[in-house]
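A.B. asks: Provide a 3D model corresponding to the input given below.
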Amino acid sequence: YLILPVASNVSLNLINILRIYLPTILVIFIDQISKMWVKHNLELWETWDVFGSFLRFSHVRNPGIAFGIPVGDYSMLIVFLSFAATTVIAYLHWQERNNHPLIVNGLGFILGGAIGNLIDRSYILFSETYEGVVDFIDVGAGDFRWYTFNIADSAVTVGVILYLLHSLFIIKPELVEQSD
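C.D. replies: Numbers count the residues shown, from 1 in each chain. Coordinates of the predicted model:
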């Protein structure tokens with residue numbers, strides 16, 4: 001009889017951890033698989049039309065930071081700052097694990113995106129031929145194109161939107177005036 005409650009507690013803990021980290025795990029997995037697919041199926045600078053010219057897969061590398069901002073000789077510093085920022089996000093995610101699902105999932109998406117791009121950036125530590133983070137989602141119309149991005153970038157954006165939705169539209173009981 002003692003085994004069942006222990007097994008039950010282990011199962012509940014595993015389910016709770018999965019609830020917290022499933023978005024993060026899925027983002028990392030989908031991001032890394034999609035980047036591997038791009039590296040194996042498209043030559044660097046090659047473009048495939050997916051949905052006319054509106055949505056294309058274009059294999060590019062971003063050695064800089066967001067929106068292709070160059071970092072020059074500071075690539076190693078960017079890796080360490082990215083690691084520090086990802087650690088802070090992971091801490092916040094854990095601290096908010098019992099909060100509203102928009103907060104938990106929003107931070108989970110942001111964390112997954114940060115880890116996904118950190119994996120790419122960390123190659124600079126192990127390779128002399130580092131070319132940058134793999135980006136491939138190319139959206140636009142005609143000659144007007146948005147910056148090429150990847151699944152990790154998309155996850156960070158979705159996470160921020162979820163977080164903002166909570167901030168803007170969810171009534172927080174501790175902020176509501178109590179009337180007697």
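A.B. asks: Enumerate every residue touching the residue lying closest to Val139 once chain neighbours are set aside.
C.D. replies: Distances taken as CB to CB, 6 or more residues apart in numbering place Trp146 nearest to Val139, at 4.9 Å, with adjacent residues excluded. The way it works is simple: take the backbone N, C-alpha and C, and place the C-beta from them, glycine included. The contact partners of Trp146, by CB atoms under 8 Å, 6 or more residues apart in numbering, come to 138-140.
A.B. asks: Quick one: buried ones out of the residues you listed?
C.D. replies: Buried members of the contacts of Trp146, counted by 16 or more other CB atoms under 10 Å: 138-139.
A.B. asks: Now, the contacts of Trp146 that are in strands?
C.D. replies: 138-140 (DSSP state E).
A.B. asks: Next SSE downstream of the lowest-mean-pLDDT helix or strand in the chain?
C.D. replies: None of the helices or strands of the chain scores lower by mean pLDDT, DSSP states H and E than helix 3-41, at a mean of 86. For helix 3-41, the following helix or strand on the C-terminal side (DSSP states H and E) is strand 47-51.
A.B. asks: okay, the angle between that next one and helix 3-41?
C.D. replies: 120 degrees (axes from the mean of the first three to the mean of the last three CA atoms, to 10 degrees).
A.B. asks: So for strand 47-51, mean pLDDT?
C.D. replies: For strand 47-51, mean pLDDT rounds to 96.
A.B. asks: Other residues contacting that strand?
C.D. replies: Under CB under 8 Å, 6+ apart, the answer for strand 47-51 is 42, 55-59, 138.
A.B. asks: out of the contacts of Trp146, who's nearest Leu18?
C.D. replies: The closest of the contacts of Trp146 to Leu18 turns out to be Val139 (CB to CB; 32.1 Å).
A.B. asks: Spatially central residue for the chain, please.
C.D. replies: Nearest to the geometric centre of the chain sits Gly113, at 1.1 Å (CA atoms, centre = their mean).
A.B. asks: My guess is that residue contacts Val160. True?
C.D. replies: No. Gly113 sits out of contact with Val160 when judged by CB atoms under 8 Å, with a separation of 9.6 Å.
A.B. asks: start to end distance for stretch 39-54?
C.D. replies: Terminal residues of stretch 39-54 lie 22 Å apart, using CA to CA, to the nearest Å.
A.B. asks: which other helices and strands contact the least confident helix or strand of the chain?
C.D. replies: strand 55-62, helix 75-95, helix 101-122, strand 133-141, helix 151-169 (3 or more CB pairs under 8 Å, 6 or more residues apart in numbering; DSSP states H and E).
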